[in-house]
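Novice: Show me how the following folds:
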Amino acid sequence: MLRPVRDLDKSRVIATDGVSCGRIKDIYFDDQSWAIKYLVLALEPRQFGHKQVLLTPEQIMLRPSLALPLQLNLASTELESLPFAGSVLPVCQQYASIAFASPGAALFLRNLSSADPHLRSARAVAHYRINLADEYAGNLADFLFDDETWEIRYLAVEQILDGKKIHFHLLPHSVERFTWSTERIVLRHLQPVKLAGEQRSAAAAA
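Specialist: Prediction:
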């Protein structure tokens, strides 16, 4: 089943023992394999203190429906063993660290060399401009992911033409690169597709 990544953002999370753990703050994905790698969980401060930790998709039990909150495969007592969110840096944070590093931060900058150059923050790239052959083709509105494999299947794009909003979907392999400095997604070629539900609706309207 395809689900919007945006539906995960800010979702409340509950452990197997019924304890409310906090809320999802971001989703990190690989821009080559298009697999969702981590979900950033901001823990409930009154229960666990002010900190953010990383969840992997295997630690989340998605329900057949879109019902929230999200259910963990972990007890609340296991949350202390999760890695801190700062233990991995998506590309946006890597560039920001370089841009704002002090002259004495050479050791920190060297550590960035081991950071994953393909790890992206869904929140950071939200609303990036879509470019095809140097022409504006819309803005990124969301991602659709397979809730069994946790792989991103489509990029949802919003474009405004003659004052009207047009929505279409791109296949991930249409993306050539993300550019952090200009906040753009550069396409190899444009491949808008319709999902099965949209096709049925169009047929019914005809």
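Novice: What count of nearby residues applies to the nearest residue to Ser121 once chain neighbours are set aside?
Specialist: Residue nearest to Ser121 in three dimensions, not counting chain neighbours: Pro90, with 4.1 Å by C-beta to C-beta, 6 or more residues apart in numbering. C-beta coordinates here come from the backbone N, C-alpha and C atoms, glycine included. Neighbour count for Pro90, taken as other C-beta atoms under 10 Å: 27.
Novice: Then Val88?
Specialist: 16.
Novice: Please export the C-alpha coordinates of stretch 114-127 as PDB.
Specialist: Backbone C-alpha positions of stretch 114-127 (Å, rounded to 0.1, in the frame of the first residue of the first chain) are rendered in PDB as follows:
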ATOM      1  CA  SER A 114      32.600   9.700   6.600                       C
ATOM      2  CA  ALA A 115      29.000  11.000   6.400                       C
ATOM      3  CA  ASP A 116      26.600   9.500   3.900                       C
ATOM      4  CA  PRO A 117      26.400  11.800   0.800                       C
ATOM      5  CA  HIS A 118      23.100  10.300  -0.200                       C
ATOM      6  CA  LEU A 119      21.200  10.600   3.100                       C
ATOM      7  CA  ARG A 120      18.400  13.200   2.700                       C
ATOM      8  CA  SER A 121      16.000  14.800   5.100                       C
ATOM      9  CA  ALA A 122      12.400  14.700   3.800                       C
ATOM     10  CA  ARG A 123      11.700  17.900   5.700                       C
ATOM     11  CA  ALA A 124      14.700  19.700   4.300                       C
ATOM     12  CA  VAL A 125      13.800  18.900   0.600                       C
ATOM     13  CA  ALA A 126      10.100  19.700   1.100                       C
ATOM     14  CA  HIS A 127       9.000  22.300  -1.500                       C
END
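Novice: Identify each buried residue in it, please.
Specialist: Buried residues in stretch 114-127, counted by 16 or more other C-beta atoms under 10 Å: Leu119, Arg120, Ser121, Ala122, Arg123, Ala124, Val125, Ala126.
Novice: about what we covered before: surely the residue nearest to Ser121 and Tyr28 touch.
Specialist: Yes: assessed by C-beta atoms under 8 Å, Pro90 is found in contact with Tyr28 at 5.4 Å.
Novice: name the helices or strands packed onto the helix or strand hosting Val13?
Specialist: For Val13, the element it lies in under DSSP states H and E is strand 12-14. Packing contacts for strand 12-14, counted by 3 or more C-beta pairs under 8 Å, 6 or more residues apart in numbering; DSSP states H and E, involve strand 20-30, strand 70-72.
Novice: what's the distance between the shortest one and the middle of its chain?
Specialist: Taking C-alpha atoms, centre = their mean, to the nearest Å, the mean C-alpha location of strand 70-72 is offset from the chain mean by 17 Å.
Novice: which other helices and strands contact it?
Specialist: Against strand 70-72 (3+ C-beta pairs under 8 Å, 6+ apart) you get strand 12-14, strand 60-61.
Novice: Strand partners (parallel or antiparallel) of it?
Specialist: Here strand 70-72 is paired, per DSSP bridges, with strand 12-14 (parallel), strand 60-61 (antiparallel).
Novice: Which one of those strands lies nearest to Leu54?
Specialist: Nearest to Leu54 among those is strand 60-61 (11.8 Å), distances taken as C-beta to C-beta.
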